[in-house]
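Novice: this one's sequence-less:
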């Protein structure tokens, strides 16, 4: 595992400083993920851009949570599962949904389960899901735009999940209450 610097406003490269300042204005802090990513302003900016695009997608907060946590759990991201759990709670996402995603148990609606299944199929097949997975997704009421919007969110999660894996990003204090370990298989 590589060692990373947890950058501050004082130590970050110049191009990353405005993004860290935005984080402080928005969250009152620089989350450790951003502190690590700041080493590469391009990575940090890409993550911020993809996050903005994810929020502007056609997905509801509940659906975004399904995609985010599904990918985070599948990639065993020790940082993003707790972070997105806290975000989901802040967005008033039903605890039943959050728990099902964290524990990889069935979701309470067929539509959300179809979304989770398709996100997993895209991940597991590297973008080559079987026709049945695509048909289930479409039958649940999603469309081609939703498939494309899902890719934006998936790309965002690759940036964060892989950064956290490569550099073992320490969990921030606000996320500690939501610490997560992969379920034993």
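Specialist: Alright, I've got the coordinates. Values in this document were obtained by computation on a predicted structure and should not be read as measured data.

Novice: what does the helix or strand containing residue 98 rub up against?
Specialist: Using DSSP states H and E, the element containing residue 98 is helix 95-103. Identification of contacts with helix 95-103 by C-beta atoms under 8 Å, 6 or more residues apart in numbering yields 62, 65-66, 69-70, 73, 81, 85, 88-89, 105-108, 112, 116, 180, 183. (Glycine included, C-beta is placed from N, CA and C.)

Novice: Following the chain onward from that helix, which element is next?
Specialist: That would be, after helix 95-103 and using DSSP H and E, helix 110-124.

Novice: how far is that next one from where the chain is centred?
Specialist: The chain centroid and the centroid of helix 110-124 are separated by 15 Å under C-alpha atoms, centre = their mean, to the nearest Å.

Novice: for stretch 130-140, same thing?
Specialist: With C-alpha atoms, centre = their mean, you get 23 Å for stretch 130-140.

Novice: And the helices in this structure, which stretches?
Specialist: 17-27, 32-37, 41-55, 61-74, 80-90, 95-103, 110-124, 131-139, 144-167 (DSSP state H).

Novice: still on that earlier bit, give the buried residues for the helix holding residue 98.
Specialist: Residues 97, 98, 100, 101, 102 are the ones in helix 95-103 that count as buried (16 or more other C-beta atoms under 10 Å).

Novice: same question, stretch 143-157
Specialist: 146, 149, 150, 152, 153, 154, 156, 157.

Novice: how deep is residue 173 tucked in, by neighbour count?
Specialist: Using other C-beta atoms under 10 Å, residue 173 has 9 neighbouring residues.

Novice: for residue 32, same thing?
Specialist: For residue 32, using other C-beta under 10 Å, the count is 21.

Novice: correct me, but residue 39 touches residue 4?
Specialist: Yes: the pair residue 39 and residue 4 passes the contact test of C-beta atoms under 8 Å, sitting 6.4 Å apart.

Novice: related to what we said a few turns ago, would you reformat the buried residues of stretch 143-157 as JSON lines and include pLDDT and distance to residue 49?
Specialist: Listed next are the buried residues of stretch 143-157 as JSON lines, based on pLDDT from 0 to 100; distance: C-beta to C-beta, whole Å:
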{"residue": "146", "pLDDT": "98", "distance to residue 49": "20"}
{"residue": "149", "pLDDT": "98", "distance to residue 49": "14"}
{"residue": "150", "pLDDT": "98", "distance to residue 49": "17"}
{"residue": "152", "pLDDT": "98", "distance to residue 49": "10"}
{"residue": "153", "pLDDT": "98", "distance to residue 49": "13"}
{"residue": "154", "pLDDT": "98", "distance to residue 49": "15"}
{"residue": "156", "pLDDT": "98", "distance to residue 49": "9"}
{"residue": "157", "pLDDT": "98", "distance to residue 49": "14"}
